[in-house]
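Visitor: Return a 3D structure for these sequence lines:
(one chain, ligands or ions: 1)
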Amino acid sequence: MFRSGAFVVDHVSPIEENQLQPNGVDLTLDVVFEQLEPGRIGRDGKEIGDRVARPLEELEQKDPDTYYLPKGAYIARYSERIEIPEGHVGFVYPRSSLMRNSCMLNTAVWDAGYEGRGEGLLQVHHDIQIERGARIAQLVFAEANHEDVYDGSYQGENLE
Ligand SMILES: O=c1ccn([C@H]2C[C@H](O)[C@@H](COP(=O)(O)OP(=O)(O)OP(=O)(O)O)O2)c(=O)[nH]1
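Guide: Residues are numbered from 1 along each chain as shown. Have a look, this model is predicted:
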């Protein structure tokens, strides 16, 4: 069973009223990264390729705090700290307005016990402007059986 947005909201912070949805909680965009170097997925481990944060366009006197993204693939970091409670698994979907603008977020499984500010693959199929802090995704929780809780290399990531 999927949980209500009112349940999910207790596991996401900080949060504003307009992020609460019937079936989940909207996540907002913090930083957009561009990958520079190849990564590696091995049989025994992995390496994440070097990346650089995209500039915000304040200096060019465009809208402040806005990413102007040409076609391409980017890593988007969400602003919110998320914890996946025991007995649950998390899924993130793109906000439909992102998809309707020819962009997509690809995501993986959010494990029970994970805590951090996670990331997603932002595919831009048509140039788009996204303001920093704008809602781009929605997090939902499904009830799930599991034996262990998440204890991988991304535990506690991007928390100051
Ligand atoms: O779209 C997603 C999906 C998951 N996560 C977070 C939550 C998840 O619990 C954690 C680890 O994901 P996964 O288990 O897929 O990572 P891995 O590549 O197997 O690495 P490790 O074994 O070090 O955890 O990353 C994200 O940030 N974005």
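
Visitor: from here on, contacts and neighbour counts on C-alpha atoms
Guide: Fine.

Visitor: can you pull out the helices in the chain?
Guide: 5-8, 96-100 (DSSP state H).

Visitor: buried stuff in the shortest one?
Guide: Along helix 5-8, these residues count as buried under the neighbour rule (16 or more other C-alpha atoms under 10 Å): 5, 7-8.

Visitor: where along this protein do the strands fall?
Guide: Read by DSSP state E, the chain holds these strands, from start to end of the chain: 12-13, 25-35, 40-42, 45-47, 51-53, 66-69, 72-78, 81-83, 88-94, 103-106, 115-116, 119-124, 128-131, 135-143.

Visitor: what's the closest of the ones you listed to the ligand?
Guide: When the strands of the chain are ranked by distance to the ligand, counting by C-alpha to the nearest ligand atom, first place goes to strand 119-124 at 4.1 Å.

Visitor: Look up which residues are beta-bridged to residue 103.
Guide: residue 124 (DSSP bridges).

Visitor: hang on, it packs against residue 124?
Guide: Yes: using C-alpha atoms under 8 Å, residue 103 and residue 124 qualify as a contacting pair, with a distance of 4.6 Å.

Visitor: The ligand is nearest to which of the helices of the chain?
Guide: Taking C-alpha to the nearest ligand atom as the measure, the helices of the chain were each checked against the ligand, and helix 5-8 came out nearest at 15.0 Å.

Visitor: Mind listing residues that contact that closest one?
Guide: 20-25, 139-141 (C-alpha atoms under 8 Å, 6 or more residues apart in numbering).

Visitor: How about stretch 105-125?
Guide: Surrounding stretch 105-125, the residues in contact under the criterion C-alpha under 8 Å, 6+ apart are 69-94, 102-104, 137, 146, 149-151, 154-159.

Visitor: Quick check: buried residues in that stretch?
Guide: By neighbour count, with 16+ other C-alpha under 10 Å as the criterion, the buried positions of stretch 105-125 are 105, 110-125.

Visitor: ok, residue 76 to residue 21 distance?
Guide: Distance of residue 76 to residue 21, given as C-alpha to C-alpha, to the nearest Å: 21 Å.

Visitor: okay, the two: which has more neighbours?
Guide: A side-by-side neighbour count of residue 76 and residue 21, using other C-alpha atoms under 10 Å, places residue 76 first with 22 against 17.

Visitor: Fine, thanks again, bye for now.
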